[in-house]
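Asks: Okay, here's the prediction I keep looking at, along with the sequence it came from:
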Amino acid sequence: MSIHWEALAAVALVSLIVGVLVVVLVSLALVGLSAREPDLAAGPAGDTAVRSRDGSDLSRATGTLMAAVCLIGAAAIVLYGLYLLIS
């Protein structure tokens, strides 16, 4: 019995990259969802833009869209992994 070290290293590298990618996508989704939080010091937010620390504006709709895209991407990666395991 011999171990194919190149194949093992490739699987380990791909697993690491995909794991980090899923975590980054979920983190970006949380950042997008944080745009929906009202600014309590300024009163009701309505549909005003949220100003981040770096000065960029992120509207509530844009944040929600970004969160949805990131979560759909993370779910697609997980479902594809499950598909590969099952088939």
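Replies: Sure thing, it's come through. Not measured: the values here are computed from a predicted model.

Asks: Mind naming the longest helix for this structure?
Replies: As assigned by DSSP state H, the longest helix anywhere in the chain is helix 5-34.

Asks: helices or strands up against it?
Replies: Helix 5-34 is packed against helix 60-86, with contacts defined by 3 or more Cβ pairs under 8 Å, 6 or more residues apart in numbering; DSSP states H and E. All C-beta atoms are positioned from the backbone trio N, CA, C, and that covers glycine.

Asks: okay, now the closest residue to V26 other than its chain neighbours: neighbour count?
Replies: Computed as Cβ to Cβ, 6 or more residues apart in numbering, the closest residue to V26 that is not its neighbour in sequence is A74, at 5.5 Å. By other Cβ atoms under 10 Å, 19 other residues sit near A74.

Asks: repeat for L21
Replies: Neighbour tally, L21, other Cβ under 10 Å: 13.

Asks: wait, it sits on A76?
Replies: No: the criterion here is Cβ atoms under 8 Å, and L21 misses it with A76 at 11.1 Å.

Asks: hang on, the earlier thing: list the contacts for the residue nearest to V26?
Replies: V22, L25, V26, A29 (Cβ atoms under 8 Å, 6 or more residues apart in numbering).

Asks: Please apply the same query to G73.
Replies: L25 are the contacts of G73 under Cβ under 8 Å, 6+ apart.

Asks: Can you read off the pLDDT for it?
Replies: On the pLDDT scale, G73 is placed at 96.

Asks: ok, now the one 3 residues further on?
Replies: A76 is assigned a pLDDT of 97 by the prediction.
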